[in-house]
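Trainee: Generate a structure from the sequence data that follows.
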Amino acid sequence: MSSTLLRPLGLGRSAPSDFLLATWDGGGHAGPMLSIAGALLARGNAVRVLADPVLRAEVEASGATFVPWRRAPHRRDPSERVGAVLREWEARGPVQAAARLRDALVCGAAASFAEDVADELRRRPADVVAADHLLPGALVAGQAAGARTAAIATTLMGVPQWGVPASGGGLLPTRAPLGRLKGAAAARLLVRIWAAGLPAVNAARAAHGLDPVHDPIGIFAAWDRVLVLASAGLELPTWSPPPHVRLVGARLDDPAWASPWQSPDGDGSLVLVALSSSFMDQRDLLARAAAALGRLPVRGLVTTGPAIDPADVASPPNVAVVRSAPHSVVMRHASAVVTHAGHGTTAKALAAGVPLVALPMGRDQPDIAARVAFAGAGLRLPPGSSSARIARAVQRLLDEPRYAEGARRVAAIMSEEGRQDLAVAELEALVVSAR
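Mentor: Just a heads-up that it's a prediction; the model follows:
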């Protein structure tokens, strides 16, 4: 990986600028964008955030001006499940889940996202439009209005043309013939899935006077920057994207809804169980993970997140089950983490040098779990693993120092990345270059 992708920009404090950020109610997607919003505001910039109505309080807590989605798909009623726009828990396998994401959000809704952003830019222009990379329609409107554009990826990006395996399969680079065949087949499938969404994206582009793109990768080539909110310590060494794609480090802020927490008394190692903050039908896995900690001489903490009622998860005497806790604080006390390998939880654990048992349930999680194992920072298990198997994996993390050492290696890289806010520097640099 080229070290230039992580170099400090060497820029002084830029003049205040106007940023329009676009995000959605997708579990771990909004938090990192609101972290960027807060950092931009702290540097004196003006920041508006287009988001689901249910995110109003979180947006306003960041200090940014809230603007609701109107035409674009959104969650308005807090009683709806987080992730209700996609309803991916109804998908029959990863291919159908990807198709739901494509049709309900990324491509199928591109025109409505573009119209909402265009309306806001007509009301008040922006220097930069920065949107979650799953909302290309938002960036279509920004480009058409003459703003600089940045796609913000809140997780690792499995783009085969960028030197890594196709996303979703949890694959790693290999020279073995069978593995190479599997990787090539996964790459073809990924292109085929997303190529089916190009007509909808191109219709949105045409409506705003932009030329069509001819392959899925062309969507990302259209923007001034693609900023990947992930650490080089977790990415594969084969990652080699084009120059406008930059790794800028993970955002480690806790969500506004995290409750205060105090470390429980006792001498046993603290082990955290944290699965998705959105609904992935994870009650059973939470129960098995809690039961696993009940088999061990540890202090267990299970955070269910907004999507699951803590009362629905049985807890052994040595395990506390709560709705939420500030993970960045908990990680300072933890010796191991059991997780679905969502990027937010994984990044916070590794930043604290804490090894993980990863049980990926879908989305980007198989790829993140594969990278955790590749980095030597934890173990990857199937999500259907029994409580006994999960307990054995946790015990290995506690007994074998190599996993904590692997996590600390990643933590050292993340610490170096955190010396400068590279995401904010890149966004402000877009304004400077435009001027």
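Trainee: Can you check what pLDDT the model gives residue 266?
Mentor: For residue 266, the pLDDT comes out at 83.
Trainee: For it, pull up the helix or strand it's in.
Mentor: Taking DSSP states H and E as the definition, residue 266 sits outside all helices and strands.
Trainee: same check, this time on residue 346
Mentor: Residue 346 belongs to helix 343-351 when elements are defined using DSSP H and E.
Trainee: what does that helix rub up against?
Mentor: Residues from elsewhere that reach helix 343-351 (C-beta atoms under 8 Å, 6 or more residues apart in numbering): 28, 31-32, 154-156, 230-231, 233-234, 250-252, 272, 274, 277, 327-328, 331, 334, 337, 339, 355-356, 358, 364, 368, 372, 375, 377, 407, 410-411, 414-415, 418. Where C-beta positions appear, they are placed from N, C-alpha and C, glycine not excepted.
Trainee: what's the following helix or strand after it?
Mentor: Helix 343-351 is succeeded, C-terminally, by strand 356-358 (DSSP H and E).
Trainee: Identify those among the contacts of helix 343-351 that sit within helices.
Mentor: Among these, the members falling in helices (DSSP state H) are 31-32, 327-328, 368, 372, 407, 410-411, 414-415.
Trainee: of all those residues, which comes closest to residue 296?
Mentor: residue 407 (19.0 Å; C-beta to C-beta).
Trainee: ok, so what distance separates the closest one from residue 31?
Mentor: 22 Å (C-beta to C-beta, to the nearest Å).
Trainee: These two: who's more crowded?
Mentor: Set side by side, residue 407 and residue 31 show more neighbours around residue 407, with 27 against 23, by other C-beta atoms under 10 Å.
Trainee: isn't that one right up against residue 377?
Mentor: Yes - with contact defined as C-beta atoms under 8 Å, residue 407 reaches residue 377; the gap is 4.2 Å.
Trainee: anything in contact with each of those two?
Mentor: By C-beta under 8 Å, 6+ apart, the residues touching both residue 407 and residue 377 are 350, 355-356.
Trainee: Of these, which is the nearest to residue 307?
Mentor: residue 356 (20.6 Å).
Trainee: Now do the contacts for that closest one.
Mentor: Applying C-beta under 8 Å, 6+ apart, we find residue 356 in contact with 336-339, 341, 346, 349-350, 372, 377-379, 397, 407.
Trainee: Please tabulate the residues you listed in JSON lines, including the columns pLDDT.
Mentor: Shown next, in JSON lines, are the contacts of residue 356 (pLDDT from 0 to 100):
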{"residue": "336", "pLDDT": "98"}
{"residue": "337", "pLDDT": "97"}
{"residue": "338", "pLDDT": "97"}
{"residue": "339", "pLDDT": "96"}
{"residue": "341", "pLDDT": "93"}
{"residue": "346", "pLDDT": "96"}
{"residue": "349", "pLDDT": "97"}
{"residue": "350", "pLDDT": "97"}
{"residue": "372", "pLDDT": "97"}
{"residue": "377", "pLDDT": "98"}
{"residue": "378", "pLDDT": "98"}
{"residue": "379", "pLDDT": "98"}
{"residue": "397", "pLDDT": "98"}
{"residue": "407", "pLDDT": "98"}
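Trainee: Nearest to residue 141 among those?
Mentor: residue 346 (32.3 Å).
Trainee: Give me the neighbour count for that closest one.
Mentor: Residue 346 is flanked by 32 other residues according to other C-beta under 10 Å.
Trainee: For the stretch 301-435 of the chain, give me the ranges with low pLDDT.
Mentor: Flagging of the stretch 301-435 of the chain using pLDDT under 70 yields the residue ranges 435.
Trainee: Is residue 200 in contact with residue 112, as I believe?
Mentor: No - using C-beta under 8 Å as the test, residue 200 is too far from residue 112 to be in contact (10.3 Å).
Trainee: any idea how far residue 337 is from residue 30?
Mentor: Taken as C-beta to C-beta, the span from residue 337 to residue 30 is 22 Å.
Trainee: between these two, who's got more neighbours?
Mentor: Per other C-beta under 10 Å, whichever of residue 337 and residue 30 has more neighbours is residue 337, with 30 against 27.
Trainee: how near is that one to residue 271?
Mentor: For residue 337, the distance to residue 271 (C-beta to C-beta) stands at 7 Å.
Trainee: how about the strands of the stretch 1-150 of the chain, start to end?
Mentor: Taking DSSP state E, counting those that start in this stretch as the criterion, the stretch 1-150 of the chain contains strands spanning 18-22, 46-51, 65-68, 128-132, 148-153.
Trainee: I'd like these written out as a markdown table, with distance to residue 196, mean neighbour count and mean pLDDT added.
Mentor: Below are the strands of the stretch 1-150 of the chain laid out as a markdown table (distance: least, C-beta to C-beta, whole Å; neighbours: other C-beta atoms under 10 Å; pLDDT from 0 to 100):
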| stretch | distance to residue 196 | mean neighbour count | mean pLDDT |
| --- | --- | --- | --- |
| strand 18-22 | 24 | 25 | 98 |
| strand 46-51 | 26 | 24 | 98 |
| strand 65-68 | 30 | 18 | 98 |
| strand 128-132 | 21 | 28 | 98 |
| strand 148-153 | 20 | 25 | 98 |
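Trainee: export these to CSV and tack on distance to residue 210?
Mentor: Listed next are those as CSV, based on distance: least, C-beta to C-beta, whole Å:
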stretch, distance to residue 210
strand 18-22, 17
strand 46-51, 19
strand 65-68, 23
strand 128-132, 13
strand 148-153, 11
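Trainee: if I pick the residue lying closest to residue 404 once chain neighbours are set aside, what's in contact with it?
Mentor: Leaving aside its chain neighbours, residue 404 sits nearest to residue 355 (5.3 Å; criterion: C-beta to C-beta, 6 or more residues apart in numbering). Counting by C-beta under 8 Å, 6+ apart, residue 355 touches 336-337, 349, 377-378, 397, 403-404, 406-407.
Trainee: Next: residue 388.
Mentor: With contact set as C-beta under 8 Å, 6+ apart, residue 388 has these partners: 292, 295.
Trainee: quick one: it from residue 112, how far?
Mentor: Taking C-beta to C-beta as the criterion, residue 388 is separated from residue 112 by 48 Å.
Trainee: Pull up the gap between the closest residue to residue 28 other than its chain neighbours and residue 307, please.
Mentor: Of all residues not flanking residue 28 in the chain, residue 344 sits nearest, at 4.3 Å (C-beta to C-beta, 6+ apart). Counting by C-beta to C-beta, the gap from residue 344 to residue 307 is 14 Å.
Trainee: Give me the more crowded residue out of the two.
Mentor: Counted by other C-beta under 10 Å, residue 344 and residue 307 do not tie: residue 344 has more neighbours, with 27 against 20.
Trainee: Thanks a lot, see you next time.
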